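Novice: What follows is a protein structure lacking sequence information:
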């Protein structure tokens with residue numbers, strides 16, 4: 001039950017975090033191109049990398065708020081249904097996962113959201129218009145779902161090389177948390193690998209934003 005539920009929760013959480021960051025990302029780059037405000041922004045005395053970081057943190061904040069609201073609502077409704085209403089099925093689920101585990105789920109989503117924000121910002125910088133950015137970002141949902149599906153396959157566990165595979169390792173970790181068999185040392189490579197990828201993608205976004213051929217396609 002914990003394995004199936006953990007896979008289902010991941011299947012819901014990751015696309016939600018992505019969706020929460022998509023529209024801010026579109027508006028902050030492709031939207032500015034359409035409104036004609038990007039040129040005004042570029043002639044300001046601020047360094048371009050600071051402009052990119054400002055946009056990135058805005059997008060990431062939207063995704064993190066989505067993750068926080070989703071995980072908090074899961075925890076609150078779980079407590080209400082298990083303790084307040086004594087729903088047997090929910091009581092069984094809440095006995096497998098505690099508030100610390102909910103906190104770990106949220107913390108694992110933070111670097112994942114950073115990865116999403118950097119990718120979305122790069123796509124939005126490249127897009128000529130709002131609609132073009134939407135078409136690029138819509139296909140990302142399938143890219144996010146695919147690693148989650150891999151994590152739900154039989155025989156795939158949070159061991160060996162899987163702890164380093166982006167998104168799949170987070171999905172596997174959530175399964176282990178719900179099963180109550182989490183190896184907490186595995187959180188080190190999970191956070192480490194995701195943070196390194198996020199940092200590399202942020203650097204790429206800054207590089208992308210500095211190319212005039214990309215900004216004014």
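Specialist: Here it is on my side, so go on. These figures come from a predicted structure and were not determined experimentally. Numbers count the residues shown, from 1 in each chain.

Novice: avg pLDDT for whichever strand or helix holds residue 8?
Specialist: Using DSSP states H and E, residue 8 sits in helix 2-28. Helix 2-28 carries an average pLDDT of 82.

Novice: now for that helix, which elements pack on it?
Specialist: The contact analysis (3 or more CB pairs under 8 Å, 6 or more residues apart in numbering; DSSP states H and E) places helix 2-28 against helix 48-79, helix 99-126, helix 130-138, helix 140-152, helix 168-179. (C-beta placed from N, C-alpha, C; glycine too.)

Novice: Helix or strand next in line after that helix, which one?
Specialist: Next along from helix 2-28, by DSSP H and E: helix 30-35.

Novice: Can you list the neighbours in contact with that following helix?
Specialist: Helix 30-35 is contacted from outside by 38, 41, 124, 125, 127, 128, 129, 130, 132, 133, 215, using CB atoms under 8 Å, 6 or more residues apart in numbering.

Novice: Can I get the residues you listed in CSV including distance to residue 12 and neighbour count?
Specialist: What follows is these, written out as CSV (distance: CB to CB, whole Å; neighbours: other CB atoms under 10 Å):
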residue, distance to residue 12, neighbour count
38, 35, 18
41, 36, 12
124, 25, 28
125, 29, 24
127, 27, 24
128, 33, 12
129, 30, 13
130, 27, 17
132, 28, 18
133, 24, 26
215, 36, 18
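
Novice: Closest one to residue 50 out of the residues you listed, please.
Specialist: Nearest to residue 50, judged by CB to CB, of the contacts of helix 30-35 is residue 41 at 11.2 Å.

Novice: That closest one: what's it in contact with?
Specialist: Going by CB under 8 Å, 6+ apart, residue 41 touches 32, 51.

Novice: Please repeat the previous calculation with a cut-off of 10 Å.
Specialist: Residue 41 sits next to 32, 48, 51, 55 when contact means CB atoms under 10 Å, 6 or more residues apart in numbering.

Novice: May I ask which of the residues you listed has the most neighbours?
Specialist: Most neighbours among those, by other CB atoms under 10 Å: residue 55, with 23 neighbours.

Novice: Could I get the contacting residues of the residue nearest the centre of the chain?
Specialist: Taking CA atoms, centre = their mean, the centroid of the chain lies closest to residue 113, which sits 3.0 Å from it. Contacts for residue 113 were tallied using CB under 10 Å, 6+ apart; they are 14, 17-18, 20-21, 59-67, 194, 198.

Novice: just residue 37 next, same as before
Specialist: When contacts are counted by CB under 10 Å, 6+ apart, residue 37 is found next to residue 31.

Novice: try residue 74
Specialist: Going by CB under 10 Å, 6+ apart, residue 74 touches 9, 12, 13, 97, 102, 105, 106.

Novice: Point out where the chain drops to low pLDDT.
Specialist: In the predicted model of the chain, residues 1-3, 6-7, 82-96, 217 satisfy pLDDT under 70.

Novice: at 90 what do you get?
Specialist: Along the chain, the parts satisfying pLDDT under 90 run over 1-20, 23, 27-51, 66-109, 124-187, 206, 208-217.

Novice: Among the contacts of helix 30-35, which one sits closest to residue 71?
Specialist: Using CB to CB, these come closest to residue 71 at residue 124, 26.1 Å.

Novice: Skipping adjacent residues, who's closest to the closest one in space?
Specialist: residue 29 (3.6 Å; CB to CB, 6 or more residues apart in numbering).
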